[in-house]
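In: Need coordinates for the following:
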Amino acid sequence: QYMYTATGNNMVYLSPDAEDTLDYNRNPPNVVIIGMLVDRRVALNRSKERASKFQQKQQQQQHSIEIAKLPLSQCQTVLQVTGSSNSLKDEEPLNIDTVMEIMQRWHLRCAVCEHTGNSAAIDSGAAFVEAAVDALMSHQERHPNRTLHL
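Out: Numbers count the residues shown, from 1 in each chain. Model prediction:
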């Protein structure tokens, strides 16, 4: 209850299986619930089912929470410039550290613009794309032998 009230109803449950895509043209949400599962087998829609149960519970308490996936396809043009020829889809499952890094970098870019009063320097959409590309490249540097799913 407190978390819901304190965040001003700005929460999102991230799931690569979600039907809706997070609006990257808005500022990032205050609270992000990462709908990840730690397992060796990919089970289609498992994260979405968990998110739906959580959403139903929140609605019973008269709270609303958005369930969405990251708009990763928006990064495709930038990634092609960096040499990646594979396509990136919004449904792409990412490591939890990569998702957390994307969100942290997105928040930081938006906060810097607000703090400096330079809101024209970067919009939320560009901030998201830059944050996601940087986080994906960082993941590739940290884990060169792991599949990036690009």
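
In: sec struct for the residue nearest to residue 45 when sequence neighbours are not counted, please.
Out: Of all residues not flanking residue 45 in the chain, residue 17 sits nearest, at 4.9 Å (Cβ to Cβ, 6 or more residues apart in numbering). Every residue, glycine included, has its C-beta placed from N, CA and C. In three-state terms, and counting by DSSP: H, G, I helix; E, B strand; the rest coil, residue 17 is coil.

In: Run through the residues that contact residue 17.
Out: Counting by Cβ atoms under 8 Å, 6 or more residues apart in numbering, residue 17 makes contact with 35, 44, 45, 46, 47, 48, 49, 51, 69, 91.

In: residues touching residue 68, list them.
Out: Counting by Cβ under 8 Å, 6+ apart, residue 68 touches 12, 13, 14, 15, 18, 20, 21, 22.

In: Once you drop chain neighbours, what's closest to it?
Out: In space, residue 68 comes closest to residue 22 once its chain neighbours are excluded; the distance is 4.1 Å by Cβ to Cβ, 6+ apart.

In: just to revisit the earlier point, quick check: helices, which of the contacts of residue 17 are part of them?
Out: Counting by DSSP state H, the members of the contacts of residue 17 that fall within helices are 46, 47, 48, 49, 51.
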